[in-house]
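this one's sequence-less:
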């Protein structure tokens, strides 16, 4: 089972939308239109994991000067700055049958390396409480409860230096 990580392509739109709908409840999941915007606007921060050319997971996020994710970043014209100092992570999704095989870790490391190559200073994300430990293994620090109310969920701000 060879996992290939590559930059997202417009042809991946249906696959990433479907994976998101499997991995997140509807209130939290990004929509088809949101992914279309992300693919067109920040493809350099959007990578898919494939096995035998099938998309089985992905990681994506915008670039910003903010040290936290605010809900407006999820919206078109919400703050993506291609020259920003920080790389965010909006989502790290893996199809359930491929979870717990190191693919999410591989995607996170890949995005972190790409962010370093682009001279980003920090990685920024929000996560649910049960995932804090997962992100800490990459050096993220829990900064407490986020102001984000995305999907009506309690999120935690996480940040790490690159």
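Looks like it came in fine. Keep in mind that what you see is a predicted model, and the values were worked out from it rather than measured. Numbering: from 1, shown residues only.

what's around residue 69, how many residues?
28 (other CB atoms under 10 Å). Every residue, glycine included, has its C-beta placed from N, CA and C.

swap that for residue 68, please
Residues near residue 68, counting by other CB under 10 Å: 19.

and residue 36, by the same measure?
The local packing of residue 36 (other CB under 10 Å) involves 15 other residues.

elements contacting the helix or strand that contains it?
Per DSSP states H and E: residue 36 is located in helix 32-41. Counting contacts by 3 or more CB pairs under 8 Å, 6 or more residues apart in numbering; DSSP states H and E, helix 32-41 packs against helix 13-23.

now the angle from the helix it packs on to helix 32-41?
130 degrees (axes from the mean of the first three to the mean of the last three CA atoms, to 10 degrees).

which strands and helices sit next to helix 13-23?
If you count contacts as 3+ CB pairs under 8 Å, 6+ apart, helix 13-23 packs onto helix 32-41, strand 54-60, strand 91-94.

buried stuff in it?
13, 15, 16, 17, 19, 20, 23 (16 or more other CB atoms under 10 Å).

ok, back up a step: next SSE after the helix holding residue 36?
Counting by DSSP H and E, the next helix or strand C-terminal to helix 32-41 is strand 46-51.

next one: residue 96 from residue 57, what distance?
Separation of residue 96 from residue 57 (CB to CB, to the nearest Å): 10 Å.

tell me which of these two has more neighbours.
Neighbours per residue, other CB under 10 Å: of residue 96 and residue 57, the larger number sits with residue 57, 27 against 9.

count the residues that sit near the closest residue to that one other than its chain neighbours.
Among residues not flanking residue 57 along the chain, residue 94 sits closest, at 3.7 Å (CB to CB, 6 or more residues apart in numbering). Residue 94 has 22 neighbouring residues, counting by other CB under 10 Å.

please apply the same query to residue 3.
Residue 3 - counted by other CB under 10 Å - has 15 other residues nearby.
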